[in-house]
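*Asks:* What follows is a predicted protein model with its sequence.
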Amino acid sequence: MCYAGKCCYFMKVETGSMIFAVINMIINSILAIGIIAALVWYEIHYYQALHRTDYNIVNNVYQNTHEAARLYQLYIYRNIILGVSLMLSLIYFAFSVLLLNGLIKTKSGQVKVYFIFGVIINVLSYALIIYEPAVITVSVSYTLLLVMIYMTYNKMEANKYCGTVLDDCSVLVSA
């Protein structure tokens, strides 16, 4: 994927990493907004389910109690799942912002933090392959993107300590 400082033979790895960071941040913000919308929708749906005006259900006390308990269980499970998903999405969004900031301001430390986060997330996603084989495509693609980010980090480190890195991967040492 990335060769001699270029991504896909035609784009610098910094540009590829920047494009990935922007797209990643946009997708994560849409995901977080979608999860918040789902939480609001489920809250409204649960409230309406508890306050029905259907008198056939209200007349049968046992059925009403049983259905209310089932709805409450579903309510708790959905809120836990959506709450955890929202927290993970916001954490991932924060790291995407960190990556984008590191790339814009050429702070290699921030790019390295995102890379470490990405490796941890990728290892966890490989553990999910046992349960869901479709995850392998996303994990392999993300691994290739992490390689691009790591190459960007290496280029930033070379610029910081050795001078300016030229496009042909030779190093120009400043005096």
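*Replies:* That came through, no problem. Predicted model only: the values in this text are computed from it and were never measured. Residues are numbered from 1 along each chain as shown.
*Asks:* part of a helix, is Leu144?
*Replies:* Yes - assessed by DSSP: H, G, I helix; E, B strand; the rest coil, Leu144 belongs to a helix.
*Asks:* Gly118: neighbouring residues, count only.
*Replies:* 20 (other CB atoms under 10 Å). Every C-beta, even on glycine, is put in place using the N, C-alpha and C of the backbone.
*Asks:* wait, what's in contact with the residue nearest to it when sequence neighbours are not counted?
*Replies:* In space, Gly118 comes closest to Leu146 once its chain neighbours are excluded; the distance is 4.8 Å by CB to CB, 6 or more residues apart in numbering. Neighbouring residues of Leu146 by CB atoms under 8 Å, 6 or more residues apart in numbering: Phe115, Gly118, Val119, Asn122.
*Asks:* cool, Gly118 as well?
*Replies:* Phe95, Tyr142, Leu145, Leu146, Ile149.
*Asks:* Roughly how far does the fourth one sit from Leu88?
*Replies:* Distance from Leu146 to Leu88, counting by CB to CB, to the nearest Å: 18 Å.
*Asks:* Now which of the contacts of Leu146 would you call buried?
*Replies:* Phe115, Gly118, Asn122 (16 or more other CB atoms under 10 Å).
*Asks:* Look up how far Val138 lies from the last one.
*Replies:* Looking back up the chat, that one is Asn122. The value you get for Asn122 to Val138, if CB to CB is used, is 10 Å.
*Asks:* Near the nearest residue to Leu100 once chain neighbours are set aside, how many other residues are there?
*Replies:* Distances taken as CB to CB, 6+ apart put Ala21 closest to Leu100, at 4.2 Å, once the chain neighbours are dropped. Number of residues near Ala21 (other CB under 10 Å) recorded here: 25.
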